[in-house]
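Asker: Predicted coordinates and the sequence they were generated for:
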There are 2 protein chains.
Amino acid sequence: MRDVAEAAGVSQTTVSLVLNDAANSGIPDNTKARVRAAADEVGYRTNRLARAMRLDRTETLGFVSENIATTPFATRMIKGAQDAAWEAGHLLLIFDTGAITSPNHSERERLAVEQLLERQVDGIVIASMYHRVIEPPAALSEVPAVLVDLRAKNGMVTSVVPDEHRAAYDATRHLIERGHTRIAHPTIDYPGAVAAAARLDGYRAALLDHAIADDPALVITEPSDTPGGRTAARRLLSLDDPPTAIFCYNDQSAMGVYQHAAERGLQIPSDLSVVGFDDQELIAAELVPGLTTMALPHYEMGYWAVEHLLGIDSHPDPIQHTIPCRLVERSSVAPPRPGS
Amino acid sequence: MRDVAEAAGVSQTTVSLVLNDAANSGIPDNTKARVRAAADEVGYRTNRLARAMRLDRTETLGFVSENIATTPFATRMIKGAQDAAWEAGHLLLIFDTGAITSPNHSERERLAVEQLLERQVDGIVIASMYHRVIEPPAALSEVPAVLVDLRAKNGMVTSVVPDEHRAAYDATRHLIERGHTRIAHPTIDYPGAVAAAARLDGYRAALLDHAIADDPALVITEPSDTPGGRTAARRLLSLDDPPTAIFCYNDQSAMGVYQHAAERGLQIPSDLSVVGFDDQELIAAELVPGLTTMALPHYEMGYWAVEHLLGIDSHPDPIQHTIPCRLVERSSVAPPRPGS
DNA sequence: AACGTCCATGTGATCGATCACTCGGATGTT
DNA sequence: AACATCCGAGTGATCGATCACATGGACGTT
């Protein structure tokens, strides 16, 4: 900047004023032009470090997430966050805390926040790949923060999560509206699986609202992977009065259901309707027939988190925000066979 | 820091010396202890902005990538980069330039580099989700840089790419060693698809080395998605002398091959062996039988890029690094039926 | 006792920007 | 002609750290 000043024959202050388009500086146009030309000539580029130091504002946000590597959700969330940040001229400092199953995971989370604070970020997003309740690092309170697909145990940090209850309700209703009354729901049994409980509730609420008896035999517990889906399908379809539709816990288990249906010679959707959860493109869109599934709003949550973060001084109190899920209709749902 | 100095009754300099463990400062242990205690007490945290400004080193790296959102590869690459960065105490500033098909994509790339330079990053990684050749932004030369899964048109930037040729060679050889001689390779026809050409070469080289005639009918062009895979399988299996093995361009098309095989009543691997490419866990591991596939070294490339970036002053000349791919063996390959 | 040496610690400049305040000169007013 | 006003532009402090250099006191030597 000093070089620019020298080249233009003015002071550093003037350069700063011109380059920042200071509102009421009243600098004449020809001086401005001279400064701009000089800046171009010497190849001037703002040093945001210096500006950040002076302004106490880095225009950088921290994004902490566990296990970025193994889930496709992360990318959508990062993209949402990044888009919102970019629109406001901010950049994202990313931190992956690794596997959540690691014993020192919360220590890594603490370290991440510490690192980000040392770098003077303007705010921090902590994101999870599945809906959980956590005890956020204490240092988080020093800066605006938003949790994504997470809730704080004490509720003292703003968070955004999918509306799992309504999602399950809508998915179930979708099946009911197509005429199904025997709707199974394989779910998972995992301590702290907030989503599983909410979805089960939503499923039951939909049945209740449509006066359909809630048959306990249709709710079973299996791992939410492909083999688990196969097992679930095998168990459910072996019942005396088998379901005509299965609302799976996720797309992977839906793929397992597809596989078992094929083994049994059942056609989807004519013999069996299937609804998934997650909208994993690689699975849902590629299966034959295409899987109707509930999409989790990962992009939207990432976007909301950053957008909210940047305006957080106007909402000083932590809030718990919820975003609806969208049903992506493909071809795995049809009315049940008249006979069944 | 001033507060700490005051609390400990020493000068700022002393605090700095103690906290940075200055080698030959000769500060007595009791002073050190006093300073440390004071730092703890006032809750001191380094302001890396200030340090970065003084040292002209932010310990922050830029990671620019297109289309983070839609591919699972991105996460592995980011994870690799992040791990390498973290081991060296660096953090990653992430920038997604969006869809590569967008007309102003290279402009966004330029802006990204500009933004990162303003933030004084110590180096920049530009990553792609598929092997391409680009014209890197001019400003990239101002800072150490590495391209991942990309090559610079003029070769003046260090890059790291998978060894596609050898990968295809190895995949093909894997099939040959199991006894196959009729090996098909559906490929794609896309301008600038560096990978497709290299893989086709590798495939042919393997056939040649094993004295197997290269039947042009076995190399066909189809889109590299699931429907494309189905079509490819249909075309290939309708030949008078059909292949006993298909080496697919990627896992999605392999999934299409599976689907068509099922329609025809062919068992994999006993009637048809299949090898994929990419190791998309959601597909390859979940298909039945599990898909044997060539894994692209995304994690390793991300890791290498950052590791190299951090030591780049010792390799001032741009180099073109290549990383081997690893064959992930599952259950989709068996010897051909004796009759066929 | 006078002087040199060494060691622990302090002083002040510096990185590159921003900003409150100051200043000199042109113009207008009486 | 003397004075007030205004405007463009400069001066110097500041953000929080680091570092070359300065300083002052304890100790040893002659």
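Answerer: Happy to help now that I have it.
Asker: distance of residue A:313 from residue A:321?
Answerer: From residue A:313 across to residue A:321, the span is 17 Å (C-beta to C-beta, to the nearest Å). (Each C-beta comes from the backbone N, C-alpha and C, glycine too.)
Asker: what does residue A:309 give?
Answerer: 12 Å.
Asker: What residues does the stretch 1-150 of chain A have near DNA strand C?
Answerer: For the stretch 1-150 of chain A, the residues in contact with DNA strand C (C-beta under 7 Å from any atom of the strand) are A:1-2, A:12-13, A:16, A:19-20, A:44-47, A:49-51, A:53-55.
Asker: Now the buried members of those.
Answerer: Using 16 or more other C-beta atoms under 10 Å in any protein chain shown as the burial test, these include A:1, A:16, A:19, A:44, A:46, A:49, A:51, A:53 as buried.
Asker: Just the element for the residue lying closest to the fourth one once chain neighbours are set aside, please.
Answerer: Nearest non-adjacent residue to residue A:44, counting by C-beta to C-beta, 6 or more residues apart in numbering or on different chains: residue A:4, 5.0 Å away. When elements are defined using DSSP states H and E, residue A:4 is found to belong to helix A:2-8.
Asker: could I have that helix exported to CSV, CA atoms only?
Answerer: The C-alpha trace of helix A:2-8 is given here as CSV (Å, rounded to 0.1, in the frame of the first residue of the first chain):
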residue,chain,number,x,y,z
ARG,A,2,2.9,2.2,0.7
ASP,A,3,4.2,1.5,-2.7
VAL,A,4,0.9,2.4,-4.3
ALA,A,5,0.9,5.7,-2.3
GLU,A,6,4.4,6.5,-3.5
ALA,A,7,3.6,5.6,-7.1
ALA,A,8,0.5,7.8,-7.0
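Asker: which stretches of chain A have low pLDDT?
Answerer: A:22-26, A:314-315, A:340 (pLDDT under 70).
Asker: Could I get the full set of helices for it?
Answerer: A:2-8, A:12-19, A:29-42, A:48-55, A:73-87, A:105-118, A:164-177, A:194-209, A:226-237, A:251-264, A:281-284, A:298-310 (DSSP state H).
Asker: Identify whichever of the ones you listed lies nearest to residue B:164.
Answerer: Among the helices of chain A, helix A:281-284 comes nearest to residue B:164, with 21.3 Å by C-beta to C-beta.
Asker: how about the closest one: buried residues?
Answerer: A:281-284.
Asker: Include distance to DNA strand D when you put these into JSON lines, please.
Answerer: Shown next, in JSON lines, are the buried residues of helix A:281-284 (distance: C-beta to the nearest atom of the strand, whole Å):
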{"residue": "A:281", "distance to DNA strand D": "45"}
{"residue": "A:282", "distance to DNA strand D": "46"}
{"residue": "A:283", "distance to DNA strand D": "49"}
{"residue": "A:284", "distance to DNA strand D": "49"}
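Asker: Between those residues, which sits nearest DNA strand C?
Answerer: Using C-beta to the nearest atom of the strand, residue A:281 is the member of those that lies nearest DNA strand C, at 42.9 Å.
Asker: quick one: that closest one from residue B:195, how far?
Answerer: Distance from residue A:281 to residue B:195, by C-beta to C-beta: 21 Å.
Asker: Just give me the neighbour total for the closest residue to residue A:295 other than its chain neighbours.
Answerer: Spatial nearest neighbour of residue A:295, excluding adjacent residues (C-beta to C-beta, 6+ apart): residue A:279 at 3.6 Å. Residue A:279 has 24 neighbours, counted by other C-beta atoms under 10 Å in any protein chain shown.
Asker: measure residue A:279 to chain B for me?
Answerer: From residue A:279 across to chain B, the span is 12 Å (C-beta to the nearest C-beta, to the nearest Å).
Asker: Tell me who's in contact with the spatially most central residue of chain A.
Answerer: Centroid check for chain A by C-alpha atoms, centre = their mean gives residue A:298 as the closest residue, at 2.7 Å. By C-beta atoms under 8 Å, 6 or more residues apart in numbering or on different chains, residue A:298 lies in contact with A:73, A:76-77, A:80, A:149.
Asker: For chain B, state which of those residues is nearest.
Answerer: Relative to chain B, the closest of the contacts of residue A:298 is residue A:76; by C-beta to the nearest C-beta it sits at 5.6 Å.
Asker: Pretty sure the closest one sits against residue A:302.
Answerer: Yes: if you go by C-beta atoms under 8 Å, residue A:76 and residue A:302 touch, sitting 7.0 Å apart.
Asker: Okay, now stretch A:8-15: how far is its last residue from its first?
Answerer: 9 Å (C-alpha to C-alpha, to the nearest Å).
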